[in-house]
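Novice: Return a 3D structure for these sequence lines:
(one chain, ligands or ions: 2)
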Amino acid sequence: SCVHPDRPEPLDLHLGMFLPTLLNQATPEQMERFFTPAWNLRIIGTYAQTEMGHGTHLRGLETTATFDPSTQEFVLHSPTISSIKWWPGGLGKTSNHAIVLAQLHTQGRCHGLHAFIVPIRDMDTHVPLPGVVVGDIGPKFGFSEVDNGFLKLEHVRIPLDNMLMKFAKVEPDGTYVKPPSAKLTYGMVFIRSMIVGQSALALAKSCTIAIRYSAVRHQSELRPGEPEPQILNYQTQQHKLFPVLAAAYAFTFVGQYMKDTYRRISGDIHAGDYSQLPELHALSAGLKAFTTWAANAAIEVCRMSCGGHGYSRSSALPDIYVEFTPTCTYEGENTVMMLQTASRYLVKSYRQASVGQRLQGSVSYLSEAAAQRLRPRPVSGGAAPLSTQDLLSLVHLYQRRAASLVELAAKSIQQELQRGRSQEEAWNHSSIDLVRASDAHCHFVVVKLFVDKLEQVDDAAVKAVLSTLALLYALKGLADNSGDFLQAGLLTVPQATRVSARIKELLEELRPDAVALVDAFDLNDRKLNSVLGRYDGNVYEHLYEWARQSPLNATEVHESFHKYLKPLRSRL
Ligand SMILES: CCCCCCCCC/C=C/C(=O)SCCNC(=O)CCNC(=O)[C@H](O)C(C)(C)COP(=O)(O)OP(=O)(O)OC[C@H]1O[C@@H](n2cnc3c(N)ncnc32)[C@H](O)[C@@H]1OP(=O)(O)O
Ligand SMILES: Cc1cc2nc3c(=O)[nH]c(=O)nc-3n(C[C@H](O)[C@H](O)[C@H](O)COP(=O)(O)OP(=O)(O)OC[C@H]3O[C@@H](n4cnc5c(N)ncnc54)[C@H](O)[C@@H]3O)c2cc1C
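Specialist: Numbers count the residues shown, from 1 in each chain. Ligands and ions are numbered 1, 2, ... in the order given. Okay, here's the model as predicted:
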């Protein structure tokens, strides 16, 4: 992706959404007219979909685009205060165009959300155009480099061929031509797929900083009379950081898989084959939510594992957190994405498998589970023997947990319906189960992809240490979610005890390779921008140097002494 992955920038939306949306939804003529100047930064655009009143509920968006056949124009309008476009990155002060998502009205009928290219500022003076009220939405939790903005459109007219018409069309007489698939206008699959790789990068940066720092930080006493040990020798420190390290590798492989899958399926879509779009949507929505939630929590674990210095901006961990955390909200709020994966894919696949349909792709295990349900259950009914060494058996355990939770969610809906609830109410009263099912499905996909990746590793030593990481990732996930596995009859209490013991062994096994494993991410000091995570480990001298550079230290006596303290003293 041409987007600068390190720090948010005002051009992120232009590069990360405006250009890709043109590539996906513009006609060849529109590419000529808009893509070329946009590539040369003459046109700078943003993606204006969210409004003050709606971000998730796309069908509830209020901005209208009404076709006027007498002038061959669309009239773009914000009818209410809640319809004002709100949040788009780069909208406040940077962009001179916006791709505006609006409800299309033509010949007296509404045809739902479509994309329109709307000039918002004069190309030379950058002054907002007539009918355009635009500005910045004000300070935020972070993203201070980005002018997230608001946009109020007051009967702004744009030409007919400013509607992105690769799929849907409006004829000069106002006739609406449907797209080959209504789902093509949703978009956002590209960026959700890319965000999975961003989760991996955020984890790699955070655990590189925390593990390197834990190797140079000495604190307290392990054996009386001996020098203070590296804090990386404490089991609790390893228990915090090594699962994050394992997840960083896991998500790196998943991020690559997601990118490859996006490329493959979007290629099919451009060739007119839309059959894989549901799988791509479900996978990108689910993995975006799963990996961002996990990474978001892990960044904080890394920060707190660095003690006080972790809280200093010199560590870079506060900035990594502040810049990463909105990924759980934007591009599809995580809970909503998990519900999409469950409701629009997993439960639908479960029902198809229950009537004997052979499923493909990431849900093929549901067919196996359906066939299993038809076979007589073993008398023992107990959990199968558990190997804490055999990765393939662990993948199978995750698969069975996912199948069990999808079945539990589907049965919950059925029970709610039998209680007389409506479809919508039955789904809403099962949504906790639906999110759990999606989470388990994504967790299975991540574990499976990690293990599949090992098959491609030839170097025996590398394969051995990656296998140890994969085992730790799988067993830690099993321990953290043991309730699911116990409830599904996939784990016994003695087995759970063995898992905990095995995790401790793995932490010890990984200790000698921990620093080499973060060095392998090859994140140079400029990219890390962290005093604690410096490659040379020379933390204290650079921490002192960093503090000395603080603006507050520009003068020995700060002006506040003369302005406030001294006058205050004289009045006491
Ligand atoms: C890295 C660089 C950083 C670059 C820097 C990035 C900086 C951050 C920029 C942030 C930008 C943004 O946030 S942009 C704004 C992001 N906003 C969102 O993502 C909005 C989230 N909300 C939604 O997507 C929708 O409201 C959704 C939740 C899907 C519900 O919509 P609907 O009710 O219309 O749809 P449903 O009835 O649920 O589903 C109808 C059918 O459409 C399918 N469907 C739904 N969405 C689909 C989709 N996207 N693609 C394909 N198919 C889809 C479903 O599977 C259903 O298929 P069938 O079952 O077969 O019918
Ligand atoms: C830093 C940042 C940058 C952004 N950049 C852009 C941009 O460039 N362009 C753009 O168009 N937008 C952008 N957005 C907006 C973003 O896409 C929305 O904030 C996001 O889609 C969530 O929608 P919302 O804010 O309406 O939250 P809501 O949907 O109101 O979420 C609030 C709560 O309601 C819950 N909820 C909502 N619907 C359901 C449901 N159906 N079932 C269960 N629970 C539900 C959610 O889970 C959440 O807990 C950005 C946001 C941020 C924070």
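
Novice: quick one: buried residues of stretch 118-135?
Specialist: For stretch 118-135, a neighbour-count test (16 or more other Cβ atoms under 10 Å) marks 118-121, 131-132, 134 as buried. Yep, even glycine has a C-beta here, placed from its N, CA and C like the rest.

Novice: ok, so what distance separates the residue in the stretch 1-150 of the chain that ligand 1 sits nearest to from residue 10?
Specialist: Nearest residue of the stretch 1-150 of the chain to ligand 1: residue 16, at 3.0 Å (Cβ to the nearest ligand atom). Separation of residue 16 from residue 10 (Cβ to Cβ, to the nearest Å): 12 Å.

Novice: With neighbour numbers in mind, choose between the two.
Specialist: Remark: of residue 16 and residue 10, residue 16 carries more neighbours, 23 against 19, as counted by other Cβ atoms under 10 Å.

Novice: I figured that one was touching residue 193, is that so?
Specialist: No. Using Cβ atoms under 8 Å, residue 16 is not in contact with residue 193; the gap is 11.8 Å.

Novice: Residue 431: what's it in contact with?
Specialist: Residue 431 makes contact with residue 339, according to Cβ atoms under 8 Å, 6 or more residues apart in numbering.

Novice: What of residue 498?
Specialist: Residue 498 touches 386, 388, counting by Cβ under 8 Å, 6+ apart.

Novice: That one belongs to a strand?
Specialist: No. Counting by DSSP: H, G, I helix; E, B strand; the rest coil, residue 498 is not part of a strand but helix.

Novice: chain center to the host helix or strand of residue 547: distance?
Specialist: For residue 547, the host element (DSSP states H and E) is helix 539-548. Here helix 539-548 is found 34 Å from its chain centre; the criterion is Cα atoms, centre = their mean, to the nearest Å.

Novice: what mean pLDDT would you report for the helix or strand following that helix?
Specialist: Next in sequence after helix 539-548, counting helices and strands by DSSP H and E, comes helix 559-560. Rounded to a whole number, the mean pLDDT of helix 559-560 is 94.

Novice: Check which helices and strands helix 559-560 is in contact with.
Specialist: Here helix 559-560 touches no other helix or strand, going by 3 or more Cβ pairs under 8 Å, 6 or more residues apart in numbering; DSSP states H and E.

Novice: ok, residue 407 - contacts?
Specialist: 350, 369.

Novice: Need the pLDDT of residue 168.
Specialist: For residue 168, the predicted pLDDT is 95.

Novice: Repeat that for residue 124.
Specialist: Confidence score, pLDDT, at residue 124: 96.

Novice: how about residue 507, what does it touch?
Specialist: Neighbours of residue 507 in contact, by Cβ under 8 Å, 6+ apart: 235, 238-239, 242, 472.

Novice: Same question for residue 163.
Specialist: Contacts for residue 163 (Cβ under 8 Å, 6+ apart) come out as 65, 74, 104, 114-117, 170.

Novice: That one and residue 331, how far apart?
Specialist: From residue 163 over to residue 331 (counting by Cβ to Cβ), the distance is 23 Å.

Novice: average pLDDT for the helix or strand containing residue 201?
Specialist: Residue 201 is part of helix 189-216 when elements are defined by DSSP H and E. The predicted model assigns helix 189-216 a mean pLDDT of 97.

Novice: Just give me how far that helix sits from the chain centre.
Specialist: Using Cα atoms, centre = their mean, the distance from the centre of helix 189-216 to the centre of the chain it belongs to is 12 Å.

Novice: sorry, back to before: does the residue of the stretch 1-150 of the chain closest to ligand 1 belong to a helix, a strand or coil?
Specialist: Secondary structure state of residue 16, per three-state DSSP, is helix.

Novice: mind checking pLDDT for residue 371?
Specialist: 85.

Novice: buried set for the helix or strand encompassing it?
Specialist: Using DSSP H and E, residue 371 sits within helix 365-374. Buried residues in helix 365-374, counted by 16+ other Cβ under 10 Å: 365-370.

Novice: Who are the packing partners of that helix?
Specialist: Counting by 3+ Cβ pairs under 8 Å, 6+ apart, helix 365-374 packs on helix 347-354, helix 391-418.

Novice: how about the CA coordinates for that helix, as PDB?
Specialist: Extracted in PDB, the C-alpha atoms of helix 365-374 (Å, rounded to 0.1, in the frame of the first residue of the first chain):
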ATOM      1  CA  TYR A 365     -14.900 -27.200   8.600                       C
ATOM      2  CA  LEU A 366     -18.700 -26.600   9.100                       C
ATOM      3  CA  SER A 367     -19.500 -29.300   6.600                       C
ATOM      4  CA  GLU A 368     -17.200 -31.700   8.600                       C
ATOM      5  CA  ALA A 369     -18.900 -30.700  11.800                       C
ATOM      6  CA  ALA A 370     -22.400 -31.300  10.300                       C
ATOM      7  CA  ALA A 371     -21.400 -34.700   9.100                       C
ATOM      8  CA  GLN A 372     -19.900 -35.400  12.600                       C
ATOM      9  CA  ARG A 373     -23.300 -34.500  14.100                       C
ATOM     10  CA  LEU A 374     -25.000 -37.200  12.000                       C
END
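
Novice: Can you check what angle separates that helix from helix 391-418?
Specialist: If you take axes from the mean of the first three to the mean of the last three Cα atoms, to 10 degrees, helix 365-374 sits at 70 degrees to helix 391-418.
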